[in-house]
Structure formats: C-alpha cells, structure tokens
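In: Next come a sequence and a model predicted from it.
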Amino acid sequence: MYDDFTNKFFSRIPADIAATFTEQQLMAVKMAFGGRAWGSHAVDVRRSLPLPRGRLYFVLLMGREHRSPDRLKHLRAAHPLWTFANALAITTIIMVIALGTLALLYTLKSAMGLNLIPGMDVLPDHDIQHLLPWFAG
C-alpha cells in the first residue's frame, strides 16, 4: 500500500499515532528526510571498535547513485572531503595498502629467489625477514 520509506517510518511509531497522519503530513515528513528509502546497498559495512574512551564507528556504503545533482552539490558543500580527519584516514588507508603491497612483493621476490640487481644485495634480507612474521624463507 505504501512505499518502502512510509512502511519503515510507520513501523517505528505506534499504530494509533500512525493512523493520525494525513497525506500532506506524510509528504512533509518524507521531504524532511529527503525521500530517503532504507534500501539495501551493494556494499554495506557498519562496525564499531572499542576504544579506551568509548567506541569508534565506521560505515562503508556503496551502490548506485540516486541523489539529484542539486542534492549532491549541497552535500559536498555541507560535508567537505578534505578535512583533517578525512585526510588522516585516507593517508592511513593508502599507507596500509602500500606497505601490504610492498610486503607481498618482497615475499614473492624472496620465494622466487630473485635478485633485483644481480651480484648485489640491495635489500637487507635478514633484517626484513624479522619484520615479516609469516616469512619462513
């Protein structure tokens, strides 16, 4: 009978109160929430991590874009990407990926017995092997 937003909205309030909404009031509520449907996303990861002083949560959502260009413009202005915390998080993610990739490449190089420059050991293999706990070569 109703759309997904309306059904979800009514499921969160008492039935006797839900019955008092007019179509005009319901439309105003939908507009206030941006017509948001609590739909599913292709990627939907929501987790929280315990910290000494509370909890830290993170959310990763990905799916098809359904927002209008005007709404996207407003959201970009209201929530800029390049804040200190965002830059720190992006830098951390890039560093973790880069270090993981380098460790994987080093492990493959050592497993295959390759030298980058024949006759010259440019990497201190013994020292690096102590940093890689899974390395058994």
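Out: Structure's in. What do you need?
In: Next up, phi/psi of residue 63, please.
Out: phi -180, psi -170 (degrees, to the nearest 10).
In: pLDDT at the nearest residue to it once chain neighbours are set aside, what is it?
Out: Counting by Cβ to Cβ, 6 or more residues apart in numbering, residue 41 is the residue found nearest to residue 63 once chain neighbours are left out, at 3.9 Å. All C-beta atoms are positioned from the backbone trio N, CA, C, and that covers glycine. As predicted, residue 41 sits at a pLDDT of 84.
In: going forward can the numbers begin at 14, since that is how I track them
Out: Sure thing, new numbering starts at 14, so read that last one as residue 54.
In: Could I get the full set of strands for this protein?
Out: In the chain, the strands defined using DSSP state E lie at 56-64, 67-75.
In: would you list these in TSV and tack on mean neighbour count?
Out: Putting these into TSV (neighbours: other Cβ atoms under 10 Å) gives the following:
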stretch	mean neighbour count
strand 56-64	9
strand 67-75	10
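In: if we compare those, which one ends up closest to residue 103?
Out: Distance to residue 103, taken as Cβ to Cβ, is lowest for strand 67-75 among those, at 13.1 Å.
In: CA atoms only for that closest one - export them in CSV, please.
Out: Output in CSV follows, covering the C-alpha atoms of strand 67-75 (Å, rounded to 0.1, in the frame of the first residue of the first chain):
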residue,chain,number,x,y,z
GLY,A,67,34.2,4.9,24.2
ARG,A,68,33.6,3.5,20.8
LEU,A,69,34.5,4.5,17.3
TYR,A,70,32.2,3.6,14.5
PHE,A,71,32.7,3.4,10.7
VAL,A,72,30.4,2.9,7.8
LEU,A,73,31.1,1.9,4.3
LEU,A,74,28.2,2.0,1.8
MET,A,75,28.4,1.6,-1.9
